[in-house]
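> fold the following for me, if possible:
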Amino acid sequence: MSVIPNKNLIILTSALKASVGVVGFEDRCKQTIETLQSLRKHFPNDIILFTDGSPVPIEHEPIMQEVAKYVNAIIGWSGDVDIQQLASTGRKSEAETMMLFKMMVALKQNPELMKMMHEVKRIWKYSSRTTLDDNFNIKDHDHFGKYLFKKRIPSWMPKERRDTITDSLLITRMYSLCPSLLDNYLMTLRNIFEDIIKYQIDTEHSHFKNIDKKHLIELDNIHCQGIVAGSGELERY
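You can find the predicted model right below:
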């Protein structure tokens, strides 16, 4: 008997020991646990994969014992040469894009993850050190064959770059996609990575440039807030 997909899969991206940013390790740990508590409040029975792209190993840090209480699996990438090189040199957008690409490949190729995917109705990308507001509603994202992002934001780049590259960006702190778009997103991530390098833009500009708009739904609010690593400021979305 076939299984009707009824689970959300949250890919929680993290860099607990990042090489850039003003937020220290202890604060990152505290904010990460707050993230997980918030996620489990709204996704009590769903699948959370904690994936960390720190350029140094974190597997034996005490924080990982706490993280394990909330998640279904922990996937560390400090031993991955591609991600390690990008993360250690502060190339945040490239490192995160590469990590996402390899995670999506794993969903298609890793036997345990492939088995798990039979239950999944929605895939979420969720940045660590983010919490959900009480107004958050999972059903807002319940659209077959679609990406769900916060409504596009006008680019802050100079006019010449807006005119020649992209005039908008998509917030990548939290978004979701239908599993039917997994192959589409893999190809899109390749293009995103290439454009980050080619145009020296961040992943948010590159996501807007490359996401196929016929698959895109934009929400006025995604009802979350999070700490910006570069400044330490709290932003609401």
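> packing partners of the helix or strand hosting I196?
Secondary structure from DSSP states H and E places I196 in helix 182-199. Applying 3 or more C-beta pairs under 8 Å, 6 or more residues apart in numbering; DSSP states H and E, we find helix 182-199 packed against helix 92-109, helix 203-210. (C-beta placed from N, C-alpha, C; glycine too.)
> reformat the ones you listed as TSV; add mean pLDDT, mean neighbour count and distance to M116.
TSV is the format used below for the helices and strands packed on helix 182-199 (pLDDT from 0 to 100; neighbours: other C-beta atoms under 10 Å; distance: least, C-beta to C-beta, whole Å):
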stretch	mean pLDDT	mean neighbour count	distance to M116
helix 92-109	96	20	8
helix 203-210	98	24	25
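> hmm, back to that, got the contact list for the helix holding I196?
93-94, 97-98, 100-101, 104-105, 107-108, 123, 147, 161, 165, 177, 201-203, 205-207, 209-212, 215 (C-beta atoms under 8 Å, 6 or more residues apart in numbering).
> swap in 7 Å and give it another go.
The contact list for helix 182-199, computed with C-beta atoms under 7 Å, 6 or more residues apart in numbering, reads 93-94, 97-98, 100-101, 104-105, 107-108, 165, 177, 201, 203, 206-207, 209-212, 215.
> related to what we said a few turns ago, okay, the helices and strands packed on helix 182-199 in a markdown table with distance to M117 next?
Shown next, in a markdown table, are the helices and strands packed on helix 182-199 (distance: least, C-beta to C-beta, whole Å):
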| stretch | distance to M117 |
| --- | --- |
| helix 92-109 | 6 |
| helix 203-210 | 23 |
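> quick one: closest of the ones you listed to I83.
Comparing the helices and strands packed on helix 182-199 by their distance to I83 (C-beta to C-beta), the top pick is helix 92-109, with 5.4 Å.
> next, the angle from the closest one to helix 182-199.
With axes from the mean of the first three to the mean of the last three C-alpha atoms, to 10 degrees as the basis, helix 92-109 and helix 182-199 are set at 160 degrees to each other.
> helices or strands next to helix 92-109 in the packing?
Packing partners of helix 92-109 (3 or more C-beta pairs under 7 Å, 6 or more residues apart in numbering; DSSP states H and E): strand 7-14, helix 81-88, helix 111-117, helix 182-199, helix 203-210.
> would you put the C-alpha positions of that helix in CSV?
What follows is helix 92-109 as a C-alpha-only set of coordinates in CSV (Å, rounded to 0.1, in the frame of the first residue of the first chain):
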residue,chain,number,x,y,z
LYS,A,92,29.1,32.5,2.7
SER,A,93,26.7,32.6,-0.2
GLU,A,94,28.7,30.0,-2.2
ALA,A,95,29.2,27.8,0.8
GLU,A,96,25.5,27.7,1.7
THR,A,97,24.5,27.2,-2.0
MET,A,98,26.9,24.3,-2.3
MET,A,99,25.7,22.8,1.0
LEU,A,100,22.1,23.0,-0.2
PHE,A,101,23.0,21.4,-3.6
LYS,A,102,24.7,18.5,-1.9
MET,A,103,21.7,18.1,0.5
MET,A,104,19.3,18.0,-2.4
VAL,A,105,21.5,15.4,-4.1
ALA,A,106,21.5,13.4,-0.9
LEU,A,107,17.7,13.4,-0.8
LYS,A,108,17.7,11.7,-4.2
GLN,A,109,20.7,9.3,-3.7
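> so P5 sits against M117, correct?
No - contact between P5 and M117 fails when scored by C-beta atoms under 7 Å: they sit 8.5 Å apart.
> give me the more crowded residue out of these two.
Between P5 and M117, counted using other C-beta atoms under 10 Å, the more crowded position is M117 (18 against 14).
> list the contacts of the residue nearest to that one when sequence neighbours are not counted.
Distance criterion C-beta to C-beta, 6 or more residues apart in numbering; nearest residue to M117, sequence neighbours excluded, is L107 at 5.8 Å. Contacts for L107 (C-beta under 7 Å, 6+ apart) come out as L113, M117, L182.
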